[in-house]
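A.B. asks: Would you be able to build a 3D model of this:
(one chain, ligands or ions: 1)
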Amino acid sequence: MGASIVGAPLASTEGGSPSGGEQQHFRMKSFAFQLRTQVVFGAGAIRRLGELAIESGFRRTLLVADQGLVASGHVDEALSPLHLAGVEVFRFHDFEVNPDTRMVEVGRSVATPLKIDSIIGLGGGSSMDCAKGINFLLTNGGRMQDYWGYGKATRPMLPMIAVPTTAGTGSEAQSYALVSDVQSHVKMACGDAKATFRVAVLDPALTVSQPHAITATSGFDALAHAVETYVTTNRNPFSEVFSREAWRLLETNYERVLQRPDDLVARGAMQLGAFFAGAAIENSMLGATHACANPLTARYGAAHGAAIAMLLPSVVRWNGPVVGERYGELTASGVGNGLNDLAPAEKLARRLEQLAEAAGLRGGLQAAGVKRDDLPLLAAEAAKQWTGTFNPRPFDQAGAMEVYQQAF
Ligand SMILES: [Fe+2]
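C.D. replies: Numbering: from 1, shown residues only. Prediction:
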């Protein structure tokens, strides 16, 4: 952003034509911004969970955490300060990764007779999505499908606290619950301002226990959030600040946490970077990488972050003619050895490939079991994903085919 101010409305500055020199312009665009979540950051911050819950009026709360969190001891770490503070805690662990409508409905059934006044989501994105989903159904009734989209909840929702134990989805910064339809396998984004966490407790010490594969995939997902949000058609000056800082923290610390999992400083940077990237999504949405990744998860069961790692470099190359110079802003600060002579999009794509390589996530779709004959069907599904509508280069089935073929 620089001196000249371009006062054109958003619609006239977007739309897919190469945007040479765009980074020099401040695009005058109307937007509203509000960070609704109090952030409490620091190693050992989970010990403040009790006092934070009491401050938010929690007396009878539902702790939503998957079984892995019980095994890792993090559930006990959360229970101890809550009990000390006198909060009555009920527990729900009966769900899995990528929670679906059936699991959320079970959560609602468990919660209904308990007369809870609040919910705590402890864990990765799945725990937080499940917590939000239960909140929608418990307070507003109906089915999860009723909330697909944004702002469909008409009644107040329960206050919630997020305690993420991975650095990835940034769900703790967002008002969207991602819940899969158990019948169609479609991942529904159900958002509402009332579904935003009141408090996010970011304790890097909790992320040290992540298995290597989760550090790798969730960290790459966060990197992709930073990259995609920085170029969407929906971005605004606030989301850009979050995207840039998220990229800086994540890009410089990803390899470090992979090599030194106990490095609390690097873990902290990753956790904050993931939160910032989540805050960017809330204000900017995502793009073609997520649109192409969702069908891979739905059809092949590919882990979200692994699918993202296969696709992001291809999407960056595909978007290059439209937002190459914006990508250049991300790579300007000495990113990647030996890449300096490349055009910005290619430089960023290669750097992302280096990061995927370091994480053991480098590989084409073919290696993940995708058949070439399946690509048209996948592309048709990718083109239907809402998230693709925010991609800076207009994204359709033909575009999805190009991305998949490049990533094959
Ligand atoms: Fe993601």
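A.B. asks: Which residue, neighbours along the chain excluded, lies closest to residue 359?
C.D. replies: Nearest-residue entry for residue 359: residue 216, 3.8 Å, with adjacent residues in sequence omitted and distances by CB to CB, 6 or more residues apart in numbering. Where C-beta positions appear, they are placed from N, C-alpha and C, glycine not excepted.
A.B. asks: Pull out the buried positions in the strand or helix carrying that neighbour.
C.D. replies: Using DSSP states H and E, residue 216 maps to helix 212-229. By 16 or more other CB atoms under 10 Å, the buried positions in helix 212-229 come out as 214-229.
A.B. asks: do the same with stretch 180-195
C.D. replies: Buried residues in stretch 180-195, counted by 16+ other CB under 10 Å: 180, 181, 185, 186, 187, 188, 189, 190, 191, 192, 194, 195.
A.B. asks: What backbone torsions are found at the nearest residue in space to the first one that is not next to it in sequence?
C.D. replies: Translated: residue 180. The spatially closest residue to residue 180, leaving aside those adjacent along the chain, is residue 100, at 4.3 Å (CB to CB, 6+ apart). Dihedral pair for residue 100: phi -110, psi 180, per degrees, to the nearest 10.
A.B. asks: three-state assignment of the residue nearest the centre of the chain?
C.D. replies: Against the mean C-alpha coordinate of the chain, by CA atoms, centre = their mean, the closest residue is residue 169 at 3.1 Å. At residue 169 the chain is in coil, as set by DSSP: H, G, I helix; E, B strand; the rest coil.
A.B. asks: which ones are touching it?
C.D. replies: Residues in contact with residue 169 (CB atoms under 8 Å, 6 or more residues apart in numbering) are 124, 125, 128, 218, 221, 222, 274, 278.
A.B. asks: between whichever strand or helix holds the third one and helix 212-229, how big is the angle?
C.D. replies: Going back to what we said before, that points to residue 128. Assigned by DSSP H and E, residue 128 falls within helix 125-140. With axes from the mean of the first three to the mean of the last three CA atoms, to 10 degrees applied, the angle from helix 125-140 to helix 212-229 works out at 70 degrees.
A.B. asks: same question for whichever helix or strand comes after helix 125-140, mean pLDDT?
C.D. replies: Next helix or strand after helix 125-140 toward the C-terminus (DSSP H and E): strand 149-150. Averaged across strand 149-150, the pLDDT comes to 94.
A.B. asks: what residues are up against the closest residue to residue 41 other than its chain neighbours?
C.D. replies: Once flanking residues are discounted, residue 41 sits nearest to residue 202: 4.4 Å by CB to CB, 6+ apart. Neighbouring residues of residue 202 by CB under 8 Å, 6+ apart: 39, 40, 41, 42, 45, 164, 172, 268, 271, 272, 275.
A.B. asks: Can you give me the separation between residue 202 and residue 162?
C.D. replies: 9 Å (CB to CB, to the nearest Å).
A.B. asks: Give me the common contacts of these two.
C.D. replies: Residues touching both residue 202 and residue 162 by CB under 8 Å, 6+ apart: residue 172.
A.B. asks: For residue 214, see how far away the residue nearest to the centre of the chain is.
C.D. replies: In this view, residue 169 and residue 214 are 11 Å apart by CB to CB.
A.B. asks: So for those two, which residues contact both of them?
C.D. replies: residue 124.
A.B. asks: coming back round to it: the buried residues of stretch 180-195: which two are farthest apart?
C.D. replies: Spanning the widest gap among the buried residues of stretch 180-195 are 185 and 194, at 27.0 Å by CB to CB.
A.B. asks: Quick check, pLDDT for the closest residue to residue 299 other than its chain neighbours.
C.D. replies: Counting by CB to CB, 6+ apart, residue 299 lies nearest to residue 378, which is 6.8 Å off, once chain neighbours are set aside. For residue 378, the pLDDT comes out at 97.
A.B. asks: What ranges does this protein have for its strands?
C.D. replies: According to DSSP state E, the chain carries its strands in the segments 5-6, 26-27, 38-41, 60-64, 88-92, 118-123, 149-150, 160-164, 176-180, 187-191, 199-202.
A.B. asks: Tabulate these (JSON lines), appending distance to residue 139.
C.D. replies: As requested, these are arranged in JSON lines below (distance: least, CB to CB, whole Å):
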{"stretch": "strand 5-6", "distance to residue 139": "43"}
{"stretch": "strand 26-27", "distance to residue 139": "38"}
{"stretch": "strand 38-41", "distance to residue 139": "21"}
{"stretch": "strand 60-64", "distance to residue 139": "12"}
{"stretch": "strand 88-92", "distance to residue 139": "16"}
{"stretch": "strand 118-123", "distance to residue 139": "10"}
{"stretch": "strand 149-150", "distance to residue 139": "17"}
{"stretch": "strand 160-164", "distance to residue 139": "11"}
{"stretch": "strand 176-180", "distance to residue 139": "13"}
{"stretch": "strand 187-191", "distance to residue 139": "13"}
{"stretch": "strand 199-202", "distance to residue 139": "18"}
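A.B. asks: Can you tell me which of the ones you listed has the worst average pLDDT?
C.D. replies: With a mean of 30, strand 5-6 has the lowest mean pLDDT of the strands of the chain.
A.B. asks: what about residue 96, neighbour count?
C.D. replies: Neighbourhood size, residue 96 [other CB atoms under 10 Å]: 12.
A.B. asks: Contacts only, for it.
C.D. replies: So residue 96 contacts 66, 103, 126 (CB under 8 Å, 6+ apart).
A.B. asks: Next one: it relative to residue 300, how far apart?
C.D. replies: Noted for residue 96: a distance of 17 Å to residue 300, by CB to CB.
A.B. asks: How about residue 398?
C.D. replies: 22 Å.
A.B. asks: Could you check which of the two has the larger neighbour count?
C.D. replies: For residue 398 versus residue 300, neighbours defined as other CB under 10 Å are more numerous around residue 300 (15 against 10).
A.B. asks: Contact partners for the more buried one?
C.D. replies: Applying CB under 8 Å, 6+ apart, we find residue 300 in contact with 368, 369, 370.
A.B. asks: Where does pLDDT dip in the stretch 1-150 of the chain?
C.D. replies: Low-confidence segments of the stretch 1-150 of the chain, defined by pLDDT under 70: 1-26.
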